[in-house]
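Peer 1: any chance you can model this:
(one chain, ligands or ions: 1)
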Amino acid sequence: MAEPPPLLDLVAGMRAELAAGATVLVRRVLDPDHGRGRYAGERVERGGAVFLHRPYRVWVDLAERLGLRLLTPVRVDDTVVELRFERLAAAPAWTTDRDDPTETYGQASGFRRIHKAEDPGFVLDLALALERARLPARPRILDLGCNTGDELALVLALAPRLAEVPEVFVGIDHSASAVAAARARFPPGLARFVRADLAELSALELGRFDLVISIDTLHSPGVDDRAVLRQVVQEHLTPTGALILGFPNCRYVDGELEHGTRMKNFREPELGLLVKDVAFYRKYLQQHRRQVFVTGKDHLLVTAVARPPADAPGDDAAGREATT
Ligand SMILES: C[S@@+](CC[C@H](N)C(=O)[O-])C[C@H]1O[C@@H](n2cnc3c(N)ncnc32)[C@H](O)[C@@H]1O
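Peer 2: The predicted model follows:
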């Protein structure tokens with residue numbers, strides 16, 4: 001029986017077709033359902049032929065790494081499915097308004113099309129982070145770089161009791177159009193949105209908060225993330241206040257989410273700066289009496305919560321943290 005080609009051969013073949021200008025690639029492969037319970041690369045014999053099992057995750061990951069979209073597989077026969085991959089359009093910049101950097105993520109930009117509440121990893125990680133934050137009965141929550149308030153809406157959906165707390169949310173963003181949309185979205189008694197630059201945080205005299213959230217914002221050009229973090233910890237957190245900081249480890253291309261942050265001049269994902277920043281935030285927050293959890297895949301979340309009393313039982317991660 002002929003040996004099936006290894007993954008590297010498939011990659012080489014697909015890359016060669018793409019280099020020759022193909023926009024659609026077609027491969028006939030073993031129906032992954034026939035390999036249920038096997039790991040990728042394990043052999044499956046069917047009808048006198050031998051195949052390597054490749055679960056859909058392999059094909060989805062491969063498509064993502066080669067800049068392709070996997071279409072719905074079509075059954076060819078009892079054994080084989082046909083996979084069609086189409087080439088993604090090049091990644092566009094979010095906005096056409098290059099004169100006003102505060103509107104890069106404004107309502108006229110493509111960022112409006114992104115709904116993180118539909119990203120299972122983000123939603124589940126945020127839910128866990130919120131649980132760990134152990135908010136008091138009537139908390140104050142600050143969101144830095146709130147845009148139209150997506151994460152606040154998610155927090156509200158995860159903790160509906162917060163809808164009864166007057167002015168539970170304060171959101172800051174420098175985009176006028178995003179702030180206007182946020183104001184229209186939430187009842188005024190529940191949330192306050194301020195159009196301001198994060199560099200002006202101290203001057204806004206917002207007081208202290210039980211939770212400060214900042215999702216995919218601190219790394220933005222022009223934001224001094226270290227200075228903002230210092231100010232938040234020193235001036236805007238209650239003594240037991242929690243932080244949830246999010247950092248993108250992905251990019252959006254032609255309707256798809258590609259895993260891995262890109263650094264300037266790198267075509268492939270490069271996580272060096274992200275890892276360095278996350279390590280800094282983690283250490284800084286630990287030094288400020290917080291227990292820190294780092295979770296996530298396409299969006300990394302750094303969650304910092306007040307340390308429990310020394311003898312209180314924590315969850316596994318908390319226990320490990322306390323002993324290292
Ligand atoms: C990538 S978006 C993230 C928005 C939202 N947190 C989310 O995750 O969907 C970054 C947000 O930060 C805001 N932003 C960037 N730099 C800022 C600054 N210096 N001051 C205030 N807001 C800023 C942008 O306008 C934008 O709404």
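Peer 1: domains in the protein, as residue ranges please.
Peer 2: The record assigns the chain these domain ranges, following automatic domain parsing: 7-87, 101-323.
Peer 1: the shortest one: end-to-end distance?
Peer 2: One end of domain 7-87 to the other measures 19 Å (CA to CA, to the nearest Å).
Peer 1: repeat that for stretch 183-194.
Peer 2: From its first residue to its last, stretch 183-194 covers 9 Å (CA to CA).
Peer 1: go on, stretch 169-177?
Peer 2: For stretch 169-177, the first-to-last residue distance is 19 Å (CA to CA).
Peer 1: and what of stretch 32-42?
Peer 2: Stretch 32-42 has its terminal residues 11 Å apart, counting by CA to CA.
Peer 1: what does that stretch rub up against?
Peer 2: When contacts are defined by CB atoms under 8 Å, 6 or more residues apart in numbering, stretch 32-42 is touched by residues 6-7, 44, 46, 51-59, 79, 81. The way it works is simple: take the backbone N, C-alpha and C, and place the C-beta from them, glycine included.
Peer 1: and which of the residues you listed is nearest R138?
Peer 2: If you rank the contacts of stretch 32-42 by distance to R138 using CB to CB, R57 comes first, at 43.7 Å.
Peer 1: what packs against the host helix or strand of that closest one?
Peer 2: When secondary structure is defined using DSSP states H and E, the element that contains R57 is helix 56-65. The criterion is 3 or more CB pairs under 8 Å, 6 or more residues apart in numbering; DSSP states H and E, and the helices and strands that helix 56-65 contacts are helix 7-19, strand 68-70, strand 256-259.
Peer 1: please identify the most buried of those.
Peer 2: Counting by mean count of other CB atoms under 10 Å, strand 68-70 has the highest mean neighbour count of the helices and strands packed on helix 56-65, with a mean of 19.
Peer 1: what's the spacing between that one and its chain's center?
Peer 2: On the basis of CA atoms, centre = their mean, to the nearest Å, the separation between the geometric centre of strand 68-70 and that of its chain is 20 Å.
Peer 1: packing partners for that strand?
Peer 2: In terms of contact count using 3+ CB pairs under 8 Å, 6+ apart, strand 68-70 is assigned the packing partners helix 56-65, strand 80-87.
Peer 1: report the buried residues of the helix holding R57.
Peer 2: Applying a neighbour-count criterion of 16 or more other CB atoms under 10 Å, one finds 58-59, 62-64 buried in helix 56-65.
Peer 1: now that helix against helix 7-19, angle please.
Peer 2: Using axes from the mean of the first three to the mean of the last three CA atoms, to 10 degrees, one finds that helix 56-65 and helix 7-19 are set 40 degrees apart in direction.
Peer 1: using PDB, list the CA coordinates for helix 56-65.
Peer 2: Included here for helix 56-65 are C-alpha records, laid out as PDB according to Å, rounded to 0.1, in the frame of the first residue of the first chain:
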ATOM      1  CA  TYR A  56     -10.500  19.400  11.100                       C
ATOM      2  CA  ARG A  57      -8.300  21.400  13.500                       C
ATOM      3  CA  VAL A  58      -5.300  20.500  11.300                       C
ATOM      4  CA  TRP A  59      -7.000  21.700   8.200                       C
ATOM      5  CA  VAL A  60      -8.300  24.900   9.800                       C
ATOM      6  CA  ASP A  61      -4.800  25.600  11.300                       C
ATOM      7  CA  LEU A  62      -3.200  25.000   8.000                       C
ATOM      8  CA  ALA A  63      -5.600  27.300   6.200                       C
ATOM      9  CA  GLU A  64      -4.900  30.000   8.700                       C
ATOM     10  CA  ARG A  65      -1.200  29.700   8.500                       C
END
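Peer 1: averaged pLDDT, stretch 144-154. What do you get?
Peer 2: Per-residue confidence for stretch 144-154 averages out to 97 on the pLDDT scale.
Peer 1: just the C-alpha atoms of it, please, in PDB.
Peer 2: As requested, the backbone C-alpha atoms of stretch 144-154 are provided in PDB (Å, rounded to 0.1, in the frame of the first residue of the first chain):
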ATOM      1  CA  LEU A 144      -9.800  52.200  29.400                       C
ATOM      2  CA  GLY A 145     -10.200  52.200  25.600                       C
ATOM      3  CA  CYS A 146     -13.800  51.200  25.900                       C
ATOM      4  CA  ASN A 147     -14.700  52.000  22.200                       C
ATOM      5  CA  THR A 148     -18.500  51.400  22.000                       C
ATOM      6  CA  GLY A 149     -18.600  49.400  25.200                       C
ATOM      7  CA  ASP A 150     -18.500  45.900  23.900                       C
ATOM      8  CA  GLU A 151     -16.700  44.500  27.000                       C
ATOM      9  CA  LEU A 152     -19.000  46.400  29.300                       C
ATOM     10  CA  ALA A 153     -22.000  44.800  27.600                       C
ATOM     11  CA  LEU A 154     -20.300  41.400  28.100                       C
END
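Peer 1: brilliant, that's me finished.
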